[in-house]
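A.B. asks: after the sequence you'll find the predicted model.
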Amino acid sequence: MTTEAKGLKIISADSHFSEPADLWTNYIEPRYRDRAPHVEHGETSDVFVCDTGEMLPVGVLHGVRHKRSGARSEGRFTDIPRSSWDPDARIVDIEMDGVYGEVLYPTIGMRFFTIKDIDFGGACIHAYNRWASDFCSAYPERFKAIGLIMLDDIERALGEMRHCKKLGLAGVMIAVFPDEARPYHDEHYERFWGTAAELGLPVSLHSATERRVSVTRDATEQLLRYTSVQRAIIGMIYAGVFDKFPGLQVVSAENEAGWAGNLIERMDFYYAEAPAKKLRAVAMNNEKNPSEYWHNNVSYTFMRDLTAVAARHVIGVDRLMWSSDFPHNNSTWPDSREVIAKHMVGVPADEQRMILRDNAVRIYSF
């Protein structure tokens, strides 16, 4: 770790729970208890089961255990370390990694966007949000959880978002891309964006939270999955969403960030060229240069992205947030010190503080 970073209380802006096996059987409202997501024990492996959505295999819940030997899907839930869901054990593991605090996302909950039963899906999300709040209450200065919001029913979504605020959650996440539903720049979502801005809750677009799980994704699609977040934010900029709600903050989570520098430059160029090409009147309803929205309304988490650090002045130093992704397979744990040192070579101390701590403190109110 660099000399400048050694004394910092570093914050991972994107880490994850591995939800406990009994979360939903304990927290979901009684009428859905028989259908609640739960762990079933097979002959060779355990599996999380939900009757209307495809859940992640148990082996990936704490994939960092296997990253030296390769990812695997099978496993027993009892083998998962308690730091996945126990705050006291969590403190020990992150301090071993040189991390002070974390912004926490779900793991199993990331698949809830595939649930088609709106009432049941809403109940699963409501239960998760309550549990996440209880977890963070043990160390509120070190853990900030992101609540789940399903947008199938806007009225319900607004109510759940207000509930997240009351619970003390630091932000909310929606599906990274709406798939067949209305695009996020559609007027249908304006009340949601406006309420998020009013409540001061940043909205995360996290990778691997699609509305439908692709069983045919090839290597090319896997590599380029971050283009979903690009499309969502570009659409919002051109539709004038951030002009209507200038206080709205959107976070691109676990999509890395190096692509943003080039995209910001390209969007500004095409916006400047638009009058001559007669594009602005039909396709661009934004009032300012696109870069102004990227610099004022969008932030990014990254794990390993030397390109993002090199382009930090184009992207915005105050928009980049380092993350460990603990305890998933891609996590930098337990080598985060070395990863950070490699990325911070030649970066001034004040900019290191912003990327490793201050930006997360500002956005999530640590």
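C.D. replies: Good, I have the coordinates.

A.B. asks: secondary structure element holding A341?
C.D. replies: helix 336-343 (DSSP states H and E).

A.B. asks: and that helix, what's buried?
C.D. replies: S336, R337, V339, I340, H343 (16 or more other C-beta atoms under 10 Å). C-beta here means a position set from N, CA and C on the backbone, and glycine is covered the same way.

A.B. asks: skipping its backbone neighbours, what lies nearest L23 in space?
C.D. replies: W131 (5.2 Å; C-beta to C-beta, 6 or more residues apart in numbering).

A.B. asks: make sure the one you found is actually in contact with E19.
C.D. replies: Yes - between W131 and E19 there is a contact at 7.4 Å, judged by C-beta atoms under 8 Å.

A.B. asks: L148: neighbouring residues, count only.
C.D. replies: Using other C-beta atoms under 10 Å, L148 has 29 neighbouring residues.

A.B. asks: meant to ask about R353, not that
C.D. replies: Neighbourhood size, R353 [other C-beta under 10 Å]: 18.

A.B. asks: what secondary structure does the nearest residue to it once chain neighbours are set aside sit in?
C.D. replies: Counting by C-beta to C-beta, 6+ apart, R353 lies nearest to L8, which is 6.2 Å off, once chain neighbours are set aside. On the three-state scheme (DSSP: H, G, I helix; E, B strand; the rest coil), L8 is labelled coil.

A.B. asks: offset the numbering so it begins at 36, please.
C.D. replies: Sounds good: first residue 36 from here, last item L43.

A.B. asks: circling back: would TSV of the buried residues of helix 371-378 with pLDDT and distance to D121 be doable?
C.D. replies: What follows is these, written out as TSV (pLDDT from 0 to 100; distance: C-beta to C-beta, whole Å):
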residue	pLDDT	distance to D121
S371	97	20
R372	96	24
V374	98	25
I375	98	26
H378	98	30
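
A.B. asks: from those residues, which single one is nearest R197?
C.D. replies: Closest approach to R197 among these (C-beta to C-beta): S371, at 35.0 Å.

A.B. asks: which residue sits farthest out from the middle of the protein?
C.D. replies: A311 (38.3 Å; C-alpha atoms, centre = their mean).

A.B. asks: on that earlier part again, next SSE downstream of the strand or helix carrying the residue nearest to L58?
C.D. replies: If you go by DSSP H and E, W166 is part of helix 153-171. Using DSSP H and E, the helix or strand that follows helix 153-171 in sequence is strand 178-183.

A.B. asks: circling back: got the buried residues for the helix or strand hosting the residue farthest from the centre of the chain?
C.D. replies: Using DSSP H and E, A311 maps to helix 293-312. By neighbour count with 16+ other C-beta under 10 Å, helix 293-312 contains the buried residues G293, W294, A295, G296, L298, I299, M302, Y306.

A.B. asks: what helices or strands is it leaning on?
C.D. replies: helix 262-273, helix 315-318, helix 325-332, strand 333-337, helix 341-345, helix 347-350 (3 or more C-beta pairs under 8 Å, 6 or more residues apart in numbering; DSSP states H and E).

A.B. asks: give the rounded mean pLDDT of it.
C.D. replies: Confidence for helix 293-312, expressed as mean pLDDT, is 91.

A.B. asks: ditto for stretch 379-393
C.D. replies: For stretch 379-393, the mean pLDDT works out to 98.

A.B. asks: return the distance of stretch 51-62 from the chain's centre.
C.D. replies: Centre-to-centre, stretch 51-62 and its host chain are 18 Å apart (C-alpha atoms, centre = their mean, to the nearest Å).

A.B. asks: kindly export that stretch (C-alpha atoms) in PDB.
C.D. replies: Extracted C-alpha coordinates of stretch 51-62, given in PDB (Å, rounded to 0.1, in the frame of the first residue of the first chain):
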ATOM      1  CA  HIS A  51     -21.500  -7.900  -0.700                       C
ATOM      2  CA  PHE A  52     -23.400  -9.800   1.900                       C
ATOM      3  CA  SER A  53     -23.800 -13.600   1.500                       C
ATOM      4  CA  GLU A  54     -27.300 -13.600   3.000                       C
ATOM      5  CA  PRO A  55     -27.800 -16.100   5.800                       C
ATOM      6  CA  ALA A  56     -29.800 -19.200   5.000                       C
ATOM      7  CA  ASP A  57     -32.700 -18.200   7.300                       C
ATOM      8  CA  LEU A  58     -33.000 -14.500   6.300                       C
ATOM      9  CA  TRP A  59     -36.300 -14.800   4.500                       C
ATOM     10  CA  THR A  60     -37.800 -17.400   6.600                       C
ATOM     11  CA  ASN A  61     -37.200 -15.100   9.600                       C
ATOM     12  CA  TYR A  62     -37.900 -11.700   8.000                       C
END
